[in-house]
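**Q** Take this sequence and fold it.
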Amino acid sequence: MTTQYTREDTKALFAELRRTGDPQTREELARLHLPLVEYLAKRFKDRGEPLDDLVQVGSVGLLKAIDRFDLDRGVEFSTYATPTIVGELKRYFRDKGWAVRVPRRLQELSLRLNKVVAGLTQDLGRSPTISEIAAAAQVSEEDVLEALESGQAYSTTSLDAPSGTEDEDAPARLERLGGHDHALENLEYFASLAPMVAKLPEREQTILYLRFFKGMTQSKIAEQVGISQMHVSRLLTRILDFLRSGMNGDAEY
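**A** From the prediction side, this is the model:
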């Protein structure tokens, strides 16, 4: 039979823990507040991670809160523990929830830029430019480009998950994937791009190869070619415009 604790009983358990350091008292406090962890973990359940794993992560935050809680602060433990538990869950997604390992600096900047972009979009009534984002975040435009590209490495949802709806009968994401690609029938037309590529300067050919054949990021290409990432971005845009125009027979680089 589960023991029912009043608010005073809980305070008494915390007082006993501070006095004795008894592991069983600590475990009892953790069990007592596990529903709080489960409630907070459910707020993150749509990010592609099993709920049981999130509860375990949140439990680590709960134990940290129990160890740090001071009765003399005069606040309810649930009020004190919530930021610690949520912080542990957010840290888990920041450190573990990226499909590709991304430097911590870019992870943190990417998450910060999400808020900056949302605020600017609301203020401006349109999507902000890279320069506007950089100015608002007080970072360079190259850092913004790198962080936004790195943000695409955030972990994805399982293909077996429902396709963006709460309807239990909704098809899985896998079932919504496209089928036969009719564009493959146009490969002979794409072959006409080869002469256009040959007209590009050697540096632009190298950038095109590294980006679309080697799959390198703009920052890596910039490192290898010896120019800034912003310059790489602009050159890629110019190259692609040139190739598109080439298919219409009016290209000039």
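**Q** ok, so what distance separates the residue nearest to residue 77 when sequence neighbours are not counted from residue 44?
**A** Excluding the flanking residues, the one nearest residue 77 by Cβ to Cβ, 6 or more residues apart in numbering is residue 69, at 5.7 Å. All C-beta atoms are positioned from the backbone trio N, CA, C, and that covers glycine. Residue 69 is 23 Å from residue 44, where distance means Cβ to Cβ, to the nearest Å.
**Q** Low-confidence stretches in the stretch 51-200 of the chain?
**A** Scanning the stretch 51-200 of the chain for pLDDT under 70 picks out 95-102, 150-192.
**Q** just the helices in it please.
**A** Under the criterion DSSP state H, counting those that start in this stretch, the stretch 51-200 of the chain contains helices at 51-68, 77-96, 104-124, 130-137, 141-150, 187-190, 193-199.
**Q** orientation of the fifth one relative to helix 130-137 in degrees?
**A** By that I understand helix 141-150. With axes from the mean of the first three to the mean of the last three Cα atoms, to 10 degrees applied, the angle from helix 141-150 to helix 130-137 works out at 100 degrees.
**Q** And for the first one?
**A** Between helix 51-68 and helix 130-137, the angle comes out at 30 degrees (the same axes, to 10 degrees).
**Q** and helix 51-68 with helix 77-96, angle?
**A** Going by the same axes, to 10 degrees, helix 51-68 makes 130 degrees with helix 77-96.
**Q** neighbours around residue 193, how many?
**A** Neighbour count for residue 193, taken as other Cβ atoms under 10 Å: 14.
**Q** do you know how far it is from residue 212?
**A** For residue 193 relative to residue 212 (Cβ to Cβ), the value is 11 Å.
**Q** Residue 44 against residue 93, yeah?
**A** Yes: at 7.1 Å, residue 44 counts as touching residue 93 under the criterion of Cβ atoms under 8 Å.
**Q** How is this structure divided into domains?
**A** Following automatic domain parsing, the chain resolves into domains at 7-96, 104-160, 182-247.
**Q** burial measure for residue 137, as a count.
**A** 18.
**Q** Next: residue 32.
**A** 18.
**Q** doesn't residue 12 make contact with it?
**A** No: Residue 32 is beyond contact range of residue 12, at 11.9 Å (criterion: Cβ under 8 Å).
**Q** hmm, back to that, next, the residue nearest to residue 77: phi, psi?
**A** Here is the backbone geometry of residue 69 (degrees, to the nearest 10): phi -70, psi 140.
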